[in-house]
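Visitor: Quick check, what structure comes out for this input:
(2 chains)
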Amino acid sequence: MDPRRAETGKNSDQIQSGHVYHLALDIGGSLAKLVYFTKNDEHIVGNEKKKSPLKASGISNSSRNSPVLNGRLNFKKFETSKINDCLEFINSMKLHLGGCQQPESPGSQTITIKATGGGAYKYADLFKEKFGISLDKEDEMDCLVAGANFLLETIHQEAFTYMGNQKQFVWIDKNDLYPYLLVNIGSGVGMIKVEGDGKFERVSGTSIGGGTFWGLGKLLTKCKSFDELLDLSYRGNNRAVDMLVGDIYGGMDYSKIGLSSTTIASSFGRAISENKERDDYKPEDIARSLLRMISNNIGQISYLTALRFGLKRIFFGGFFIRRHPFTMDTLSVAVNFWSKGEAKAMFLQHEGFLGAVGAFMSSDKHGLKELLANQKVERPPSKLSFSLDQTQVPQQDGELNGDESIECSVYGA
Amino acid sequence: MAGLSEKPQALGIDQESAEANKNSSSNKKSVHNRLLEKDKEEGGQGGDMSPSAGSSIKRSGSRPQLDVSKAEIQGNVEEKYPTILLPNQSDDLSHLALDIGGSLIKLVYFSRHEDQSTDDKRKRSVKERLGLSNGNRRSFPILGGRLHFVKFETRKINECLDFINSKQLHRGGAESPYADGATDGNAIIKATGGGAYKYTDLFKERLGVSLDKEDEMDCLVAGANFLLKAIRHEAFTHMEGQKEFVQIDPNDLFPYLLVNIGSGVSMIKVDGDGKFERVSGTNVGGGTYWGLGRLLTKCKSFDELLELSQKGDNRTIDMLVGDIYGGLDYSKIGLSASTIASSFGKTISEKKELEDYRPEDISLSLLRMISYNIGQISYLNALRFGLKRIFFGGFFIRGHAYTMDTISFAVQFWSKGEAQAMFLRHEGFLGALGAFMSYEKHGLDDLMVHQLVERFPMGAPYTGGKIHGPPLGDLNEKASDRNSKYLTPISIIVTLSNSDFPTQISWMEKFLRKGTEITAPVPMTPAAGTTGLGGFDVPLSRGSSLRSDASALNVGVLHLVPTLDVFPLLEDPKTYEPNTIDLADPSELEYWFTILSEHLPDLVDKAVASEGRTDDAKRRGDAFARAFSAHLARLMEEPAAYGKLGLANLLEMREECLREFQFVDAYRSIKQRENEASLAVLPDLLMEIDSMDEETRLLTLIEGVLAANIFDWGSRACVDLYHKGTIIEIYRMSRNKMQRPWRVDDFDLFKERMLGTGDKKKPPHKRALLFVDNSGADIVLGMLPLARELLRRGTEVVLVANSLPALNDVTAMELPDIVAEAAKHCDTLRRAAEAGGLLVDAMINSSRSSKGKSSSVPLMVVENGCGSPCIDLRQVSSELAAAAKDADLIILEGMGRALHTNLNARFKCDALKLAMVKNQRLAEKLLKGNIYDCICKYEPAS
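Guide: Numbering: from 1, shown residues only, chains lettered A, B, ... in the order given. The predicted structure follows:
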């Protein structure tokens, strides 16, 4: 087969038909993210080619003797508050019957799943009780970075910029990837300086993140879900709520300090009007203002942090973004504004799944790392195909909704 | 020099306009008409002599020089307010500047000093002697005066206009007989803030003045620079509720980051005067807090929202690190379980609606979110530009303790303790002050820290409240129009405090409302002759509400005393700390609080008696006691309420408070009586002394100083003595306690310097500065004989005394009479006093006749520039500073000047500190000794 050929698509039926070989979880404060591998029917045989590079890399793993499996890496997410749905889903995959059984203890009914995120601790008992699944906790940040590194190094079109509705993929030389700033926008925001594989440091962060958007949004609007709130924001106009520079200086630009009249001087600064109550403001406008406030702020702090550590690239990830165009746009505008055009915000195709991918990577029995290492050596990579469908367009709501997959190959157990 | 030659004419105009002002203020309705008439009249006199304020300001590029003699010609002593010494001031001093913000109007205005002592003959002769008469000293071009800070709500702008009008601030101040003649219908007031545009027409219409708009950021920076350079302890840190003042070296101020938190946040990098750049900012600011807060709670005002936050618990709203990691710290990345992971991250719960959350919690969460964020972004910017200091200001802070704490925490957290957030006491007035500074030639640029004295209107809360003291206009300033709604800035402040201004004293408000019902936790004996005291309230406890902290940053009136200088003989002015006792220690503060409270009835009695026990005096005495007690109570609660507090400040405050209630000199009659009694026995004492040999004489003289120092009405123990015995009896008892060794006894060292050992004689000191203490025996029987001895040995003697009365301390005004009286019995003193120009009447004769005779070394008197029982040598009169030039011996006498302050001060020349310790606690604490122990501390020049 053509190793470069990649397929992505709705594959919910494939889950049923395909063989689940591996699964990893990232259970965050609001969302639980799943990454799992399903096997295609055709097996790729060719272990002998594999052997030498793996030996060269000094990694000894029984899996290298296994056949390489061609399959798909699948991404799925659930709201953490509906963790039971997630459990049901995992259960439905019949993991305890599938290939994910511990190879060390065949026959044992104990299934171990790599997991990260705060919920990996919180729900450990629940997993154990309900399905006898034990969660193997992986450090959140390790996973995040491992996931990002993996995706940025491996996937052809993982990183992109987004400005004024223009999405532009950025090709990044994997030899010139580090150091970079990884901004993970979950409930809160973590900012991580990444200098290489496993070499990273949390250097900053802010408590004003996705949780703030959703939390404040829920209090201020009648939205029932994060996505609904995002939707609203898309239709809103923040002018009704925010105090703009023009509001203060009578419509004139305060050009002396480089501010245009449409620059937000004070988020929600107009909501202090005595005559208006909450119900007098459109929820769309409120959502919009919230989103701009939070995106702006994250963009600013990220830029300042990147500047402080001399990092040339800033990648934004985390569920807050959800490839929502407006969110990405405001983040980009903020970085552009504060850096006076010198820095650009970049996003990842799989932003929501960094942790889960990282957790997935942390288990070496599937041999992804080895395959990767192998792939680096072998040109062209014949045994592993790992790329994303280039033609994929964000869906209507602009996010991965859990039904995406990446075709790839792993060693069979 | 063109400017100089114009002066006499300019003066004429001043007087005319003053007349006009007097007339106009008597008939308010026709003010504008009269002004117009005046304009017409003056118009014919020559356009260049009555220019608009704007052009007059620019008229001469160089700073005008003061010609003292000319000033004196005008400084007619019979004039009602002979305080104005500078003929050209009205051209140079602009009196009012405004910062009209969205919610508050801030006023900064200038009034002239009223208490500048008249330039009498004695002073002039001293000045001549000290070479001061040229009038070209740097300090003179600036007129002494006061900077006042007043606030109004913008929506009540009419009150502000009324206030300005009542005080005629837009025309240079009506209290001045030399009201600015140059300001006419085209008068210009500097203004900044958005409202400067919005209300231009209103000001024109109501007051006939034009607002000259100054750039907001220019003003902000100018104001901050001025404050940071000119005011000691302007900046402070605020961590975990603890305020700590920071002394910033004005030479090491720049660059810094100024973070102004208004509706939005501006971050300004300041590199110097007029050198700054807006480098960053954030749209998440005060407007966000108030806007979101309004949408989320039912609060009707910013302050209400802020107050709510005090009772909040953000754990129900915010997602903490502990919530995510099941209570475990995520220590690997240095986050504790209580760190906020996501602001409002918990409100995503499906089951709860907005109504299910407490507004208190929401407010707190909002406050923390915004404060942390500002702190973080500020720190990152400071780091980016290598700025070592971050100052936060703007209406969002408003002296609110929790806000300051969260910002401080954020800066500390993100900088890992390397940076500290700092705040400014006058933060609300940066813009207004900056606008004030934008007037050219106000002369304030060159002001030094030592030339500014901050005073707090002590009587303020009472005069505006229920207690009926004397008419307000008499208390603080001479308001032009008694019928005006706003007589003084003080009354305004009180008015505002009853609305919802957080910067005012909240417990004080309650106190006022309660009036006389308040029961006294510390009972005070009603002093005889007063109407009796109700007592005072203890401040509300901290626990229930932190609100009182919102008012913690009082802003006083800045007194500009250009004649103040740093005492040049201080070894190291930078490290000099006047206060010996640190009132930061709560037990210490409590002790002094008690001491002052206990002493109060006696003081009130003296004060009332000094005014002939009239009903008016009784009422004022009553009001004084209440005001002072309340201030004490306030300080107990919040020691930093008026800036950094030392014992010297505390004691000075009492004197200020007395003066504010128009007790000019509470101990006048006592001082007089004691002086007379002492002078009566002086000849006998001198005769006795003269019969001794040199060595015995010196010891006797020092003993005499120490023994006579017992006459101190500032000491509780001594007041008791007074009640028990006669002056002579006390003195005798005191003399009997003089057995050496004293508690600190460097007498032998001093004697060696004075008399030498064996054949080795050292030359006498050239000039000695004697810092004298009390009236009566202390000065007459103690210090004067010592002065006489020094004079005899050929040392010039300068008696340094208070400028204003404080307790029974002798003042510089009183000394010449005392010396003259003493000189009647002593030839040495007479000749020295003549030489020093102290004997005014005899001067002309003697200066002619004594020319041929052996001229004595002079005995002089200078004022020290203060009106407190203590002395802060960073701020002394220029006269004293000049006199210190040739001095090689300093003698500090008395508890206030040698113990409470300056005990540890080091000087460039020989210094002798003499005092009797009349306070058991102080004796134990400082000297491990007992009450009535003596100190004779001699420190030769190093």
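Visitor: For chain B, what's its nearest residue on the stretch 301-413 of chain A.
Guide: Residue nearest to chain B within the stretch 301-413 of chain A (Cβ to the nearest Cβ): residue A:304, separated by 3.8 Å. C-beta coordinates here come from the backbone N, C-alpha and C atoms, glycine included.
Visitor: pretty sure that residue contacts residue B:379?
Guide: No: shown here, residue A:304 and residue B:379 do not form a contact pair, counting by Cβ atoms under 8 Å, at 9.2 Å.
Visitor: Looking at the two, which is more packed in?
Guide: Neighbours of residue A:304 and residue B:379, each counted by other Cβ atoms under 10 Å in any protein chain shown, are more numerous for residue B:379; the result is 26 against 21.
Visitor: so which strand or helix has that one?
Guide: Per DSSP states H and E, residue B:379 falls inside helix B:359-384.
Visitor: about what we covered before: contacts only, for the closest residue to the residue of the stretch 301-413 of chain A closest to chain B other than its chain neighbours.
Guide: Using Cβ to Cβ, 6 or more residues apart in numbering or on different chains and skipping the chain neighbours, the partner closest in space to residue A:304 is residue B:380 (3.8 Å). The contact partners of residue B:380, by Cβ atoms under 8 Å, 6 or more residues apart in numbering or on different chains, come to A:301, A:304, A:305, A:308, B:414.
Visitor: Likewise for residue B:247?
Guide: With contact taken as Cβ under 8 Å, 6+ apart, residue B:247 is in contact with B:232, B:233.
Visitor: and it, what pLDDT?
Guide: The predicted local confidence for residue B:247 comes out at a pLDDT of 82.
Visitor: Sort out which residues of stretch A:316-332 are buried, please.
Guide: Applying a neighbour-count criterion of 16 or more other Cβ atoms under 10 Å in any protein chain shown, one finds A:316-332 buried in stretch A:316-332.
Visitor: can you tell me if that stretch touches chain B.
Guide: No: Stretch A:316-332 stays out of contact with chain B when judged by Cβ under 8 Å from any Cβ of the partner chain, the minimum separation being 10.2 Å.
Visitor: How about the residues of the stretch 301-450 of chain B by chain A?
Guide: Where the stretch 301-450 of chain B comes near chain A, counting by Cβ under 8 Å from any Cβ, the residues are B:302, B:317-319, B:323-326, B:328, B:332-334, B:339-350, B:354, B:357, B:362, B:369, B:372-373, B:376-377, B:380-381, B:383-384, B:414.
Visitor: what number of residues lie near the residue in the stretch 1-150 of chain A positioned nearest to chain B?
Guide: Of the residues in the stretch 1-150 of chain A, the one nearest chain B is residue A:118, at a distance of 3.3 Å by Cβ to the nearest Cβ. Neighbour count for residue A:118, taken as other Cβ under 10 Å: 25.
Visitor: Ok, residue B:256 next?
Guide: Other residues near residue B:256 number 24, with proximity taken as other Cβ under 10 Å.
Visitor: ok, it to residue B:229 distance?
Guide: Taking Cβ to Cβ, to the nearest Å as the measure, residue B:256 falls 12 Å from residue B:229.
Visitor: Show me the shaky parts of chain B.
Guide: Screening chain B residue by residue with the criterion pLDDT under 70, one finds the ranges B:1-94, B:112-145, B:171-186, B:324-335, B:440-563, B:725, B:727-728, B:840-854.
Visitor: Now do the domain split for it, please.
Guide: B:65-116+B:140-172+B:186-215, B:235-317+B:357-424, B:685-840+B:854-939 (the TED database).
Visitor: Could you dump the ones you listed into a markdown table and include distance to residue A:22?
Guide: Conversion of these to a markdown table gives the following (distance: least, Cβ to Cβ, whole Å):
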| stretch | distance to residue A:22 |
| --- | --- |
| domain B:65-116+B:140-172+B:186-215 | 59 |
| domain B:235-317+B:357-424 | 38 |
| domain B:685-840+B:854-939 | 76 |
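Visitor: if we compare the ones you listed, which one ends up closest to residue A:128?
Guide: In this view, these are compared for proximity to residue A:128 by Cβ to Cβ, and domain B:235-317+B:357-424 is the closest at 28.5 Å.
Visitor: buried residues in stretch A:176-193?
Guide: Along stretch A:176-193, these residues count as buried under the neighbour rule (16+ other Cβ under 10 Å): A:177-193.
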